[in-house]
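K.L.:
Fold the stuff below for me.
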Amino acid sequence: MGKYRMQRSYEGFSDIPTDDLLTAVKYSINYEADLYIEGKLLVSWLGFEMEYNIECLEKQGITTYIKDHTYKFKYTNESKTKTTVWVDFMHYFWGGEPKIDVRIFDYQDCPNAKEFNSLDEVIEIVKRVWIPKLPIDSIHIRDYSDNCKDLKYLLLT
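P.N.:
This is a model prediction of the structure:
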């Protein structure tokens with residue numbers, strides 16, 4: 001059993017694959033799941049009032065804020081917050097044409113995601129590897145991180 005576990009509505013418990021509380025919080029809210037630390041319930045996104053969840057997170061050193069009408073989280077002690085980004089490159093075909101989704105998160109959302117030091121590093125990889133192979137309109141960038149930059153524009157510069 002891992003340190004951080006979650007339980008989605010009408011499902012059993014599952015381990016959250018991280019040793020980082022901030023990542024566990026982001027992971028659990030993404031799945032609207034109750035978050036447990038070492039067997040003790042910390043937050044319940046659907047079961048508790050949001051104000052109560054925020055208080056519980058503050059006691060653990062996590063600050064909650066709203067950006068673009070969405071709850072976001074960071075360590076109260078900002079020196080603990082990692083600046084890396086995680087990217088999942090999803091290849092697929094649509095109408096017989098190859099496409100790629102570049103999905104960017106500020107935590108490891110899926111096991112296939114790769115860690116990068118910055119968004120600039122991701123943009124450089126896309127420019128170097130994918131732009132020579134695919135038309136720009138076949139490259140779809142979805143930024144789910146706290147950065148939320150217009151990355152499609154950055155590809156053209």
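
K.L.:
how about the nearest residue to residue 140, chain neighbours excluded?
P.N.:
Spatial nearest neighbour of residue 140, excluding adjacent residues (C-beta to C-beta, 6 or more residues apart in numbering): residue 101 at 4.8 Å. C-betas here are computed from N, CA, C, even on glycine.

K.L.:
repeat for residue 90
P.N.:
residue 101 (4.1 Å).

K.L.:
how about the one you found, what does it touch?
P.N.:
Counting by C-beta atoms under 8 Å, 6 or more residues apart in numbering, residue 101 touches 88-90, 92, 140-142.

K.L.:
Doesn't it belong to a helix?
P.N.:
No - using DSSP: H, G, I helix; E, B strand; the rest coil, the assignment for residue 101 is strand, not a helix.

K.L.:
Now do the same for it: its pLDDT.
P.N.:
Model confidence at residue 101, given as pLDDT, is 89.

K.L.:
Also residue 94?
P.N.:
Value for residue 94, per-residue pLDDT: 92.

K.L.:
which residues does it form a beta bridge with?
P.N.:
residue 97 (DSSP bridges).

K.L.:
Need the buried ones from the contacts of residue 101 selected in ChimeraX.
P.N.:
Typed into ChimeraX, the next command selects the buried ones out of the contacts of residue 101 (criterion: 16 or more other C-beta atoms under 10 Å):
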select :88,89,141
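
K.L.:
any idea what sits nearest residue 36, other than its immediate chain neighbours?
P.N.:
Residue 36 sits nearest to residue 5 (C-beta to C-beta, 6+ apart), 4.5 Å away.

K.L.:
Pretty sure that neighbour sits in a helix.
P.N.:
No - according to three-state DSSP, residue 5 belongs to no helix; its state is strand.

K.L.:
quick one: contacts for residue 64?
P.N.:
Contacts of residue 64 by C-beta under 8 Å, 6+ apart are 53-54, 57-58, 71-73.

K.L.:
Quickly note the distance from it to residue 34.
P.N.:
17 Å (C-beta to C-beta, to the nearest Å).
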